[in-house]
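Undergrad: attaching a predicted model along with its sequence, questions to come.
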Amino acid sequence: MTNNRTASSSATVGILALQGAYEAHAKTLAALDVTTRLIRTPDQLFTLEGTPSVDGLIIPGGESTTMLKFLERNGFLESLSSLVRTLPTFGTCAGAILLANDVQNPPQISLSALDITIERNAYGRQIDSSILTAPTKLPGAPLEMVFIRAPRITRTGPEVETLATRDEFPVLVRQGHLLAATFHPELGHDLRVHQLFLDLIASHRVHSHATVDS
Ligand SMILES: NC(=O)CC[C@H](N)C(=O)O
């Protein structure tokens, strides 16, 4: 059956709402007129037919160890892990840690979807919460970035594109349908990173429909 939604029709974005900065993402997406759905249980990820219930998913910042405690119940981690193989997903800070293939300082389990190595709390303790302006490949002026106990991406795989850096380390990366930031775009006023994610959802839809319909 052909899905008659087009790339220009509005997407529904799920936001993992177990802990952390999920409300701020919901507000940012509301400012972009996007429908959001807070996801708190594994069954909310899927429709009754077993297809994804949302067009894209945000895994917010917060504390990745705390989120993992919730995710390790009721098969949540396994469901999420299979979903993020194909569903456009944007991880910010703790969300980027959860998406990474390889987590260090200390090592911890993850969804192993994004081909990066990420070091937790890499800039020191709470004092390293800062707002910086740094260059980006996104169109427009340099990007304002809010860092809170941020991790550092220390390796990117060959499929990973770096879209912004801090002191030459990647802070915004994309790999196909996956986007990750080590800062908190939902806490700033700049909507470009969320817009980029919406564009990624739209192009993913066009691509997957072209594949299904051809
Ligand atoms: N702002 C954040 O999301 C911080 C991430 C947190 N330090 C962690 O390791 O999970």
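TA: Sure, I can see it.

Undergrad: so Arg37: helix, strand or coil?
TA: strand (DSSP: H, G, I helix; E, B strand; the rest coil).

Undergrad: so what sits opposite it in the bridge?
TA: Gly14 (DSSP bridges).

Undergrad: next structured bit after the strand or helix carrying Leu68?
TA: Per DSSP states H and E: Leu68 is located in helix 64-71. Using DSSP H and E, the helix or strand that directly follows helix 64-71 along the chain is helix 76-83.

Undergrad: which residues are in contact with that next one?
TA: Residues external to helix 76-83 that are found in contact with it (C-beta atoms under 8 Å, 6 or more residues apart in numbering): 16, 41-42, 45-46, 52, 57, 68, 70-71, 89, 109, 111-113. Heads up, the C-betas are built off the backbone N, CA and C, glycines and all.

Undergrad: got the CA positions of the helix holding Leu68 in PDB?
TA: Extracted in PDB, the C-alpha atoms of helix 64-71 (Å, rounded to 0.1, in the frame of the first residue of the first chain):
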ATOM      1  CA  SER A  64      22.500   8.500  30.100                       C
ATOM      2  CA  THR A  65      23.000   6.100  33.000                       C
ATOM      3  CA  THR A  66      19.500   7.000  34.500                       C
ATOM      4  CA  MET A  67      17.900   6.600  31.100                       C
ATOM      5  CA  LEU A  68      19.500   3.200  30.700                       C
ATOM      6  CA  LYS A  69      18.000   2.100  34.000                       C
ATOM      7  CA  PHE A  70      14.500   2.700  32.500                       C
ATOM      8  CA  LEU A  71      15.500   1.300  29.100                       C
END
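
Undergrad: packing partners of it?
TA: If contacts are counted by 3 or more C-beta pairs under 8 Å, 6 or more residues apart in numbering; DSSP states H and E, helix 64-71 sits against helix 76-83, helix 94-99.

Undergrad: point out the most buried one among the ones you listed.
TA: Each of these was assessed for mean neighbour count using mean count of other C-beta atoms under 10 Å. The highest is helix 94-99, with a mean of 30.

Undergrad: and that one, average pLDDT?
TA: For helix 94-99, mean pLDDT rounds to 98.

Undergrad: likewise stretch 133-147?
TA: Summarised as a single mean, pLDDT over stretch 133-147 is 90.

Undergrad: let's have the chain start at 13 instead
TA: Will do, 13 is the new start, and the previous item becomes stretch 145-159.

Undergrad: what's it in contact with?
TA: For stretch 145-159, the external contacting residues (C-beta under 8 Å, 6+ apart) are 135, 140-144, 174-178, 183-184, 194-197, 199-202, 204-205, 208.

Undergrad: the contacts of helix 88-95 in strands, which ones?
TA: In strands, defined here by DSSP state E, the members of these are Leu28, Leu69, Thr101.

Undergrad: now the helix or strand where Asn113 lies: buried residues?
TA: Using DSSP H and E, the element containing Asn113 is strand 112-116. By neighbour count, and taking 16 or more other C-beta atoms under 10 Å as the criterion, the buried residues in strand 112-116 are Ala112, Asp114, Val115, Gln116.
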